[in-house]
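Colleague: Generate a structure from the sequence data that follows.
(one chain, ligands or ions: 2)
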Amino acid sequence: NCDVKLAVMGRAGVGKSALVVRFLTKRFIWEYDPTLESTYRHQAIIDEEPVTMEILDTAGQDDSGQREGYVRWGDTFLLVYDTTDRCSFDEIAQIKAQIDEIKKPQIVHTVLLGNKIDLDHARQVSVEDGERLAVELGCAFFECSACNGDGCISDAFYDVCREKLRQ
Ligand code: GTP
Ligand code: MG
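Modeller: Numbers count the residues shown, from 1 in each chain. Ligands and ions are numbered 1, 2, ... in the order given. Sure thing, here's the model as predicted:
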């Protein structure tokens, strides 16, 4: 009775929780709360079809053993990095490789999302870098800000669902 199980992955502090909350409530949370992990159930209408999503907001600062559990749980993945944190970007390929390894031979649906574009003065990852990585990983790419709602937060969440529903 759940169509899409979406795990939101990425290094600690990239804004996974802020993005999930913005997507679900259109609000922003300022307080930094290192998440253990939480799951949300959400009824969405995507392309005029009702879709039941389960969203797992994962904890970024954990060992890869914990990450393996998230990957086994999910069937779609939002790979989030912080455009002001180069290390968070460099970690994405490794996360994707781990997902592929665990899920093979299954095809996994992933979307790459660069967050915090409101902090333009502190940018360390260009739009072109993001686009290039998305091509390498074979996934769609979006940039956004959980803070001011700029960019395509909902589009990113819906896009990854669409890929799953279409298969
Ligand atoms: P973990 O749960 O520890 O893995 O971190 P997380 O990825 O869930 O990050 P979280 O959503 O807690 O955000 C980390 C910090 O970045 C918080 O202080 C947020 O307020 C801030 N933040 C998140 N998104 C944005 C954004 O788009 N712009 C700005 N300026 N700050 C953001
Ligand atoms: Mg969090």
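
Colleague: and stretch 112-131, anywhere near ligand 1?
Modeller: Yes. Judged by Cβ under 6 Å from any ligand atom, stretch 112-131 comes into contact with ligand 1 through Asn115, Lys116, Asp118, Leu119. C-beta: built from backbone N, CA, C; applies to glycine.

Colleague: Out of those residues, who's the most crowded?
Modeller: When neighbours are counted by other Cβ atoms under 10 Å, Asn115 leads those with 29 neighbours.

Colleague: Quick one: low-confidence residue ranges for this structure.
Modeller: Scanning the chain with the threshold set as pLDDT under 70 gives 1, 28-35, 62-64.

Colleague: Please enumerate the helices of it.
Modeller: Applying DSSP state H to the chain gives helices spanning 16-25, 64-73, 86-90, 92-103, 127-137, 153-166.

Colleague: residue contacts, the most centrally placed residue in the chain?
Modeller: In the chain, the residue lying closest to the centroid (Cα atoms, centre = their mean) is Leu78, at 2.5 Å. By Cβ atoms under 8 Å, 6 or more residues apart in numbering, the contact set of Leu78 is Leu6, Ala7, Val8, Met9, Leu19, Thr110, Val111, Leu113, Ala156, Phe157, Val160.

Colleague: Now do the fourth one: how many residues are near it, please.
Modeller: Okay, so that is Met9. For Met9, using other Cβ under 10 Å, the count is 27.

Colleague: Mind listing the residues bridging to it?
Modeller: Per DSSP bridges, the residues bridged to Met9 are Leu79.

Colleague: how far away is it from Ile95?
Modeller: To Ile95, Met9 is 6 Å away according to Cβ to Cβ, to the nearest Å.

Colleague: what is in contact with those two at once?
Modeller: In contact with both Met9 and Ile95: Arg67, Leu79, using Cβ under 8 Å, 6+ apart.

Colleague: hmm, back to that, could I get the helices of the chain as a markdown table with mean neighbour count and distance to Ala146?
Modeller: Shown next, in a markdown table, are the helices of the chain (neighbours: other Cβ atoms under 10 Å; distance: least, Cβ to Cβ, whole Å):
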| stretch | mean neighbour count | distance to Ala146 |
| --- | --- | --- |
| helix 16-25 | 21 | 4 |
| helix 64-73 | 14 | 20 |
| helix 86-90 | 17 | 14 |
| helix 92-103 | 16 | 17 |
| helix 127-137 | 15 | 16 |
| helix 153-166 | 19 | 7 |
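
Colleague: For Glu48, find the nearest of the ones you listed.
Modeller: helix 153-166 (12.1 Å; Cβ to Cβ).

Colleague: Between all of the contacts of Leu78, which two are separated the most?
Modeller: The distance between the two most remote of these (Cβ to Cβ) is 15.1 Å, for Leu19 and Thr110.
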